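Asker: pasting the structure only:
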């Protein structure tokens, strides 16, 4: 039987906020970590996949341990990207909605630094930051973290590999007496080195059931295609998922740009993010994705960190990732909060030999998705062609004389007759589409 937050030691004020947020049953990582942070003094390394409730696991006890009478910064939470930092900040603000004495600041990169410097002149208990921006503020003398009690690293594996320089500068500023809480979805050698170099000798290691929790609810599939078929197979898949939200991952920024352009040409409701876009564009695109204004997000791995949207029904690996860790982080964007999700990898023949390695390393099983036949691909192109016509905006510069002449040609046709003629014309120009009648089903 699952425990309640009261049993874990969370106080009444925080419980009321959780109830308002419709959060009543702790996840596995929360059950294991919350009492440890509240009742022990040791450093903690927690290994848990994305979507398992890590923010509440460290956020709730942290909010409870803050001394509101002490006006100094008591805790620093580091996140690898601004998107994840903002997500953590938003969650902490929700958890502490009826505790106005707790002051939390979000100082992430990608936004003007002056307002953040001004914000830090006010009393602040908890700071959520990205490494680069925090290191900059330290260099300017705008923030003092020499007396903090808690240092939290979220998504630490990504932080160490991509942002190590800023992280090293920050750790040098921290007091030796601090308590460090490290949360990661994977445990590469760089993380083990960080634990050895910067954490106490008496570290408590926590791990949820990685073989079940990390991939729970995710259906892992792959489809083998020829390079020339790749885009068409993807477009067919996306058309079958109309009305559902998903993320497509590419290895490079150039690939994101190219694919997002193709989706726009084919009138898919989509947007794109990567590190070279301005923060304003990234924020606007993420806002559209979160509120459902766009259905598809095309992204690089790092740019997509911090996407915590429950209704993501599928993830597509347009390129097989280089590391097992990247696959874990990508797939973890779907099947969140107990939902089901699909993780589809589009590969070429030479990549097929990599699938067993991913299965063995991650403890998952891939199912092969049969590639759609050529007839269906061509018909899908016809559907996309029709969608382009439907979404074409009227051209007000076309002369009335020209419009009248065309209308005169079509005026005697019914809607159905006009569609029949349009399709016949399209098929005539795309001879690979079969015009044979479908075989009748046996009764």
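Answerer: Yep, that arrived. Predicted, not measured: the structure shown is a model, and the values here were computed from it.
Asker: spatially nearest residue to residue 156 (excluding sequence neighbours)?
Answerer: residue 184 (4.4 Å; Cβ to Cβ, 6 or more residues apart in numbering). In short, each C-beta sits where N, CA and C put it, glycine included.
Asker: and that neighbour, backbone torsions?
Answerer: Dihedral pair for residue 184: phi -150, psi 150, per degrees, to the nearest 10.
Asker: for it, give me its contacts.
Answerer: Shown in contact with residue 184 (Cβ atoms under 8 Å, 6 or more residues apart in numbering): 45-47, 153, 155-157, 191.
Asker: among those residues, which ones are in strands?
Answerer: 45-47, 153 (DSSP state E).
Asker: neighbour-wise, which one of those residues leads?
Answerer: Among the ones in strands among the contacts of residue 184, residue 153 has the most neighbours (other Cβ atoms under 10 Å), with 28 neighbours.
Asker: low pLDDT regions in the stretch 251-400 of the chain?
Answerer: 303-308, 337-338 (pLDDT under 70).
Asker: residue boundaries of the helices in the stretch 51-200 of the chain?
Answerer: Taking DSSP state H, counting those that start in this stretch, the helices of the stretch 51-200 of the chain run over residues 54-65, 82-95, 113-119, 131-139, 156-162, 164-173, 189-198.
Asker: for residue 421, find the nearest of the ones you listed.
Answerer: helix 82-95 (48.8 Å; Cβ to Cβ).
Asker: against which helices or strands is the closest one packed?
Answerer: In this structure, helix 82-95 packs against helix 12-20, helix 54-65, strand 104-107, strand 126-129, helix 279-290, with contacts taken as 3 or more Cβ pairs under 8 Å, 6 or more residues apart in numbering; DSSP states H and E.
Asker: and the fourth one, average pLDDT?
Answerer: Taken as a whole, strand 126-129 carries a mean pLDDT of 97.
Asker: make JSON lines from the helices and strands packed on helix 82-95 and add distance to residue 92 and mean neighbour count to it.
Answerer: What follows is the helices and strands packed on helix 82-95, written out as JSON lines (distance: least, Cβ to Cβ, whole Å; neighbours: other Cβ atoms under 10 Å):
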{"stretch": "helix 12-20", "distance to residue 92": "11", "mean neighbour count": "15"}
{"stretch": "helix 54-65", "distance to residue 92": "5", "mean neighbour count": "25"}
{"stretch": "strand 104-107", "distance to residue 92": "5", "mean neighbour count": "22"}
{"stretch": "strand 126-129", "distance to residue 92": "7", "mean neighbour count": "26"}
{"stretch": "helix 279-290", "distance to residue 92": "18", "mean neighbour count": "17"}
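Asker: would you format those as CSV with distance to residue 74 included?
Answerer: Listed next are these as CSV, based on distance: least, Cβ to Cβ, whole Å:
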stretch, distance to residue 74
helix 12-20, 17
helix 54-65, 8
strand 104-107, 11
strand 126-129, 7
helix 279-290, 28
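Asker: element containing residue 29, please.
Answerer: For residue 29, the element it lies in under DSSP states H and E is helix 28-39.
Asker: I meant residue 256, not that one.
Answerer: Element membership of residue 256, judged by DSSP H and E, is helix 253-265.
Asker: isn't residue 328 right next to residue 186, touching?
Answerer: Yes. Between residue 328 and residue 186 there is a contact at 6.1 Å, judged by Cβ atoms under 8 Å.
Asker: before we move on, back to that, and the two most separated of the ones in strands among the contacts of residue 184?
Answerer: Of all pairs drawn from the ones in strands among the contacts of residue 184, the widest gap by Cβ to Cβ lies between 47 and 153 and measures 12.6 Å.
Asker: domain assignment for this structure?
Answerer: Domain segmentation of the chain under automatic domain parsing yields 5-207, 218-374, 393-433.
Asker: distance to residue 385 for those - can I get that in JSON lines?
Answerer: Shown next, in JSON lines, are the domains of the chain (distance: least, Cβ to Cβ, whole Å):
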{"stretch": "domain 5-207", "distance to residue 385": "36"}
{"stretch": "domain 218-374", "distance to residue 385": "9"}
{"stretch": "domain 393-433", "distance to residue 385": "6"}
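Asker: ok, which of those comes nearest residue 387?
Answerer: Among the domains of the chain, the nearest to residue 387 by Cβ to Cβ is domain 218-374 (4.9 Å).
Asker: name the helices or strands packed onto the longest helix seen in the chain?
Answerer: Using DSSP state H, we find that the single longest helix of the chain is helix 374-391. Using 3+ Cβ pairs under 8 Å, 6+ apart, the elements in contact with helix 374-391 are helix 230-240, helix 415-429.
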